[in-house]
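> Pasting the sequence and the predicted model now:
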Amino acid sequence: MNGLNFIGFLLFAASVAGSIVAAVLSGRFWIVFPGIVLGLILAGSPRIAKQWERAVVLRLGRYAGLQGPGLFWIVPFVERISAWVDQRTITTSFAAEETLTSDTVPVNVDAVLFWMVYDPEKAALEVQDYKEAVSWAAQTALRDIIGRTPLTVLLKGREQIEADLQKLIDERSNPWGVTVHSVEMRDVIIPESLQDAMSREAQAAREKEARIILGQAEVEIAHLFHEAARHYEGNPTALHLRAMNILYEGLKEKGALMLVPSTAVESMGLGGLMGAAALRQQALSTQEGGPASSGNGLVV
């Protein structure tokens, strides 16, 4: 904590009060002024650091050590605090605008960096402003990564790019006592004209895939029909049973109308089946309380 704190105020008040008492008892009122000066000096000695803070103390310009968290003391005019280092995780947003990918496509990329100071001494002594240095290191690393990555990889391989970016920023910032927890890319913005072209390409790819699936289904169906024909070829009874089943399935539905060649009736012996189908339709019509419709049935 910078500046005057509660402990320093108590020291200042005690010094001033003591000087006033001494002036009154001795009758020398000029003693008050040295008391005020002494109080001001003592008030600057106690310092308080928060739980996540570390104070870098210099003694006559040389590094003397870290202090904190909690209450600690410095020697006025001899020691001073050169930096207060926050050791919590810090988020830093950074971006690369109009940066060319390896295939010369201009993109805008926004990302967020999560990092922390693991060595307050290095952060205070090895770099002038470690926060600004980390931000610049992140931006230059992002531009480097984009410049050697094609657009398709940039759009589809975010996880790998984030890992590479974290490694690159870590290498640059570790000498400053900083470590990177993670990097997350928020947006990758490409030109609108390229967005339209990519959208059309994706749509064409999906249509191509759909057509391929339909063609494969036709091939499988034809193969199965071929297998069925080979089985029916050597077994006329099975073929007749299958034809009867198809005819029954078509006639059992209410409202169905089916045209059957008379030659099929003669060759397949469908008289019994047609009778059963007619009875089924009559039963359905009776359940609904009306006569059988003349539009439902079999025409030979």
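Looks like it arrived, so ask away. Residues are numbered from 1 along each chain as shown.
> Could you point out the longest helix of the chain?
helix 192-233 (DSSP state H).
> which helices and strands does it pack with?
With contacts taken as 3 or more CB pairs under 8 Å, 6 or more residues apart in numbering; DSSP states H and E, helix 192-233 sits against helix 236-251. From N, CA and C alone the C-beta is placed, and that goes for glycine too.
> Give me the buried positions along the helix it packs on.
By neighbour count on 16 or more other CB atoms under 10 Å, the buried set for helix 236-251 is 239-240, 243-244, 247, 251.
> repeat for stretch 209-226
For stretch 209-226, it's none, nothing buried (16+ other CB under 10 Å).
> same question, stretch 148-161
So for stretch 148-161, counting by 16+ other CB under 10 Å, buried means 149, 151, 154, 161.
> How is the last one assigned, secondary-structure-wise?
Classification of Ile161 into helix, strand or coil gives helix, according to DSSP: H, G, I helix; E, B strand; the rest coil.
> Please apply the same query to the third one.
Three-state assignment for Leu154 (three-state DSSP): helix.
> Which of the helices or strands spans the residue lying closest to Ile161 once chain neighbours are set aside?
In this structure, Ile161 finds its nearest non-sequential neighbour in Ile145, 6.0 Å apart by CB to CB, 6 or more residues apart in numbering. Element membership for Ile145 (DSSP states H and E) is helix 130-147.
> cool, and Tyr63?
According to DSSP H and E, Tyr63 maps onto strand 62-67.
> list the helices and strands that strand packs on?
Using 3+ CB pairs under 8 Å, 6+ apart: strand 62-67 touches strand 53-59, helix 120-125.
> pLDDT of it, averaged?
Across strand 62-67, pLDDT averages out at 94.
> how about the CA coordinates for that strand, as PDB?
What follows is strand 62-67 as a C-alpha-only set of coordinates in PDB (Å, rounded to 0.1, in the frame of the first residue of the first chain):
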ATOM      1  CA  ARG A  62      20.600  -1.400  -4.400                       C
ATOM      2  CA  TYR A  63      18.100  -4.300  -4.200                       C
ATOM      3  CA  ALA A  64      17.500  -5.100  -0.600                       C
ATOM      4  CA  GLY A  65      14.700  -7.700  -0.800                       C
ATOM      5  CA  LEU A  66      11.000  -8.400  -1.000                       C
ATOM      6  CA  GLN A  67       8.500  -7.400   1.700                       C
END
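> let's number from 13 now, not from 1
Yes, from this point I'll number from 13; that puts the last item at strand 74-79.
> which outside residues touch the very next helix or strand once past it?
Sequence order places strand 82-85 as the next helix or strand after strand 74-79, per DSSP H and E. Contacts to strand 82-85, defined as CB atoms under 8 Å, 6 or more residues apart in numbering, come from residues 19, 57-61, 67.
> Show me what counts as buried in strand 82-85.
By 16+ other CB under 10 Å, the buried positions in strand 82-85 come out as Phe84.
> List the pairing partners of that strand within its sheet, with orientation.
Paired with strand 82-85 in the same sheet, following DSSP bridges, are strand 58-61 (antiparallel).
> pLDDT for the buried residues of stretch 160-173 - can I get that in a markdown table?
Formatted as a markdown table, these follow (pLDDT from 0 to 100):
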| residue | pLDDT |
| --- | --- |
| Thr161 | 91 |
| Leu163 | 87 |
| Leu166 | 87 |
| Ile173 | 91 |
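> Nearest to Glu109, out of the helices and strands packed on strand 74-79?
Checking the helices and strands packed on strand 74-79 against Glu109 by CB to CB gives helix 132-137 as the closest, at 28.4 Å.
> re earlier: just the buried members of the contacts of strand 82-85?
Buried, going by 16+ other CB under 10 Å: 19, 58-61, 67, out of these.
> Provide a list of residue ranges in this protein with pLDDT below threshold.
13-15, 264-270, 272-312 (pLDDT under 70).
> give the contact list for the residue lying farthest from the centre of the chain.
Within the chain, the residue lying farthest from the chain centre (CA atoms, centre = their mean) is Gly39, at 75.4 Å. Applying CB under 8 Å, 6+ apart to Gly39 gives no contacts.
> Please report the distance of the residue nearest to Ile173 from Phe237.
55 Å (CB to CB, to the nearest Å).
> Name the helix or strand for Ile100, please.
In this structure residue 100 is Arg, not Ile. Short version, using DSSP H and E: Arg100 is in no helix or strand.
> No more questions from me, cheers.
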